[in-house]
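**Q** predicted model and sequence follow; I will ask about them next.
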Amino acid sequence: MNTRIAAVGLAHPFEVGYDKAPELLETTVAALRKQGADVIDAGVVMHDLETVRLAADALKGEDFDVLLICIATWSEDHHLLDLLGYVDKPVILRAYPARDTGSLCCAHQIGAVFTDIQKTYDFVYGEPDSVECAEKTLLLALPHALAGVMSRVIVGAIGGRVKGMTEIAYDEFSIKQKLGARIVNIDEKELTGKVAAMTDEAARSLWEQKKPMLARCRQISDDAAMLESMKFYGAMRELCDEYGLSALSVKCYTTYMGKVCLGYSILAEEGIVASCEGDVTNAVTMKILWELSGKPVNNTDLLYLDEEKNTILFAHCGSSGFSIAGGEIELAPVRLAESGVCSRFVMAPGQVTAVNICGHGDQLRLSVMTGEALPCGMEFPGNPTVIRFDRSVEEINEEIMRCGIGHHWMVSYGDYRAALKRYCKLRGIKYFELC
């Protein structure tokens, strides 16, 4: 995910430091770019209506997530209000240490105005070349970028949800309002119709195309099961292209177990996330984590606590992207059904974040825990990962029950607690940080 920041200066010609305002803006932009930020430098220091319009013209047609206002001196606050009339974006107020410029008091002044007009804002204070300030600016901008991306996400719900799993019933209104994504409800006959229409020859051709991706996999399932899985992959890929889907969920249990799993793994490598059992809300969760990490996300259940080692086993049937595998990958019959094809491997070790989203309306809640994925064996036939936590796993378990947190956990590499906490605050989502 690319976070874009537009930077504009603000200063008053009568104040000390006005002549340094362009340099301050340039230095702030350079510091952000050194941290990998994508910054649009408007090249304008606002001080009257003409410069406000110049700034607006410089940003016209630009796609960005946050407006960074670099306050060089005390200034009349209405210039920023006028700019927002042209470019109404989330704002970060950037102030600088100086005894005689009035930069800080101007930021306080604008903060008071924004509070009264109910315009949300963030604040960064420090030297223009400060690495810490640049990192903080990026952290503050990230949730806005995520919200923007998620507002354009379309999720396919194929066949509804699994019977008897009421917890995963999805609320389309809440998902759109708070998580941004739009749900497309797709009859499973659209999926099976495309599967039936694909010939064995076409499936073999598709399999041949995907062989470079499958090169590190050891095939255990027979060729007939592989061909059926390629037909389901091809059908899901067509639906993604037709509906513009970047995430989907199939009611796989029990009818399509072993039929969609391999396709899920291939889609994950192509940047399309897919959740199991018709859990649409956690397909959205996977998409959030994919945007934050840029890597496939492991769809899991929380299965077993080892109190002595302070670890928790997370796993599911086997449908994750191959690039997160920590060793051999087997294309094997799925557990319970003992048929079809799933992608069986252990998750590679490393720092991970596990996230669950469940609930409806004002009860929509995001829960997160971060730990260390350890080397492990095939503790569960699928995509197991054993995660060690700093907090007692008994306490984590108790809090999950106390807070009414669901059983599906999406696991991704990295630590995204700070970003997710700010995202939840921005979107009005309840946030539980377990560790």
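**A** That came through, no problem. Numbers count the residues shown, from 1 in each chain.

**Q** the strands in the stretch 201-350 of the chain, which residues?
**A** Using DSSP state E, counting those that start in this stretch, the strands found in the stretch 201-350 of the chain span residues 217-219, 247-250, 273-275, 298-306, 311-315, 329-334, 339-344, 350-358.

**Q** now those strands as a markdown table including distance to residue 40 and mean pLDDT?
**A** Every C-beta, even on glycine, is put in place using the N, C-alpha and C of the backbone. What follows is those, written out as a markdown table (distance: least, Cβ to Cβ, whole Å; pLDDT from 0 to 100):
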| stretch | distance to residue 40 | mean pLDDT |
| --- | --- | --- |
| strand 217-219 | 43 | 98 |
| strand 247-250 | 29 | 98 |
| strand 273-275 | 29 | 98 |
| strand 298-306 | 36 | 98 |
| strand 311-315 | 41 | 98 |
| strand 329-334 | 42 | 98 |
| strand 339-344 | 41 | 98 |
| strand 350-358 | 30 | 98 |
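
**Q** can I get the ones you listed in TSV with distance to residue 144 and mean neighbour count?
**A** Output for those, formatted as TSV (distance: least, Cβ to Cβ, whole Å; neighbours: other Cβ atoms under 10 Å):
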stretch	distance to residue 144	mean neighbour count
strand 217-219	39	15
strand 247-250	20	28
strand 273-275	21	30
strand 298-306	27	21
strand 311-315	30	23
strand 329-334	37	22
strand 339-344	35	26
strand 350-358	19	22
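
**Q** switch these over to CSV; also include distance to residue 381.
**A** CSV is the format used below for these (distance: least, Cβ to Cβ, whole Å):
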stretch, distance to residue 381
strand 217-219, 14
strand 247-250, 20
strand 273-275, 19
strand 298-306, 12
strand 311-315, 8
strand 329-334, 8
strand 339-344, 6
strand 350-358, 20
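
**Q** closest one to residue 115 among these?
**A** Nearest of the strands of the stretch 201-350 of the chain to residue 115, taken as Cβ to Cβ: strand 350-358 at 29.9 Å.

**Q** residues in contact with that closest one?
**A** 167-168, 179, 281-282, 284-285, 288-289, 300, 314, 364-373, 385, 387, 404-417, 420, 429 (Cβ atoms under 8 Å, 6 or more residues apart in numbering).

**Q** partner strands of whichever helix or strand comes after it, with direction?
**A** Heading C-terminal from strand 350-358, the first helix or strand you meet, by DSSP states H and E, is strand 365-374. Using DSSP bridges, the strands paired with strand 365-374 are strand 350-358 (antiparallel), strand 385-388 (antiparallel), strand 430-433 (parallel).

**Q** looking at those strands, which is nearest to residue 16?
**A** Nearest to residue 16, of the strands paired with strand 365-374 and by Cβ to Cβ, is strand 430-433 at 42.6 Å.

**Q** need the residue closest to the centroid of the protein.
**A** residue 288 (2.0 Å; Cα atoms, centre = their mean).

**Q** got a quick PyMOL command for the buried subset of the contacts of strand 350-358?
**A** Remark: buried members of those, expressed as a PyMOL selection using 16 or more other Cβ atoms under 10 Å:
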select buried, resi 168+179+281+282+284+285+288+289+300+314+364+365+366+367+368+369+370+371+373+385+387+405+406+408+409+410+411+412+413+414+416+417+420+429
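
**Q** quick one, what contacts the residue nearest to the centre of the chain?
**A** Here residue 288 is in contact with 146, 150, 179, 355, 420, 423 (Cβ under 8 Å, 6+ apart).

**Q** which among the strands of the stretch 201-350 of the chain is found nearest to residue 36?
**A** strand 350-358 (19.5 Å).

**Q** centre of the chain versus the closest one, how much separation?
**A** 11 Å (Cα atoms, centre = their mean, to the nearest Å).

**Q** wait, what's in contact with residue 24?
**A** Contacts of residue 24 by Cβ under 8 Å, 6+ apart are 9, 17, 70, 72, 96, 128.

**Q** what's the neighbour count on the second one?
**A** Residue 17 is flanked by 18 other residues according to other Cβ atoms under 10 Å.

**Q** isn't it up against residue 103?
**A** Yes: with contact defined as Cβ atoms under 8 Å, residue 17 counts as touching residue 103 (7.3 Å).

**Q** the nearest residue to residue 49 once chain neighbours are set aside in helix, strand or coil?
**A** Ranked by Cβ to Cβ, 6 or more residues apart in numbering and with sequence neighbours excluded, the top spatial neighbour of residue 49 is residue 82, at 6.6 Å. For residue 82, the assignment made with DSSP: H, G, I helix; E, B strand; the rest coil gives helix.

**Q** close enough to count as contact, residue 82 and residue 54?
**A** No: taking contacts as Cβ under 8 Å, residue 82 lies outside contact range of residue 54: 11.8 Å.

**Q** helix or strand: which one has the nearest residue to residue 126 once chain neighbours are set aside?
**A** Closest residue to residue 126 apart from its sequence neighbours, by Cβ to Cβ, 6+ apart: residue 133 at 3.9 Å. If you go by DSSP H and E, residue 133 is part of helix 131-150.

**Q** and this structure, what are its domains?
**A** 4-150, 154-433 (automatic domain parsing).

**Q** name the residues contacting each of residue 17 and residue 103.
**A** With Cβ under 8 Å, 6+ apart as the test, residue 17 and residue 103 both reach 72-73.

**Q** quick one: contacts of stretch 42-52?
**A** Stretch 42-52 is contacted from outside by 6-13, 18, 21-22, 25, 54-55, 58-59, 72, 75, 79-80, 82-83, 86, using Cβ under 8 Å, 6+ apart.

**Q** any of these buried? List them.
**A** Using 16+ other Cβ under 10 Å, the buried members of these are 6-12, 18, 21-22, 25, 54-55, 58-59, 72, 75, 79-80, 82-83.

**Q** now stretch 189-203: average pLDDT?
**A** Mean pLDDT, computed over stretch 189-203, is 98.

**Q** with stretch 135-145 instead?
**A** Across stretch 135-145, the per-residue pLDDT values average to 97.

**Q** got the strands paired with strand 365-374 as TSV, with distance to residue 262 columns?
**A** Below are the strands paired with strand 365-374 laid out as TSV (distance: least, Cβ to Cβ, whole Å):
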stretch	distance to residue 262
strand 350-358	24
strand 385-388	20
strand 430-433	34
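
**Q** which parts of the helix or strand where residue 111 lies are buried?
**A** Here residue 111, judged by DSSP H and E, is contained in helix 103-116. Residues of helix 103-116 classed as buried by neighbour count (16+ other Cβ under 10 Å): 103-104, 106-107, 109-111, 114.
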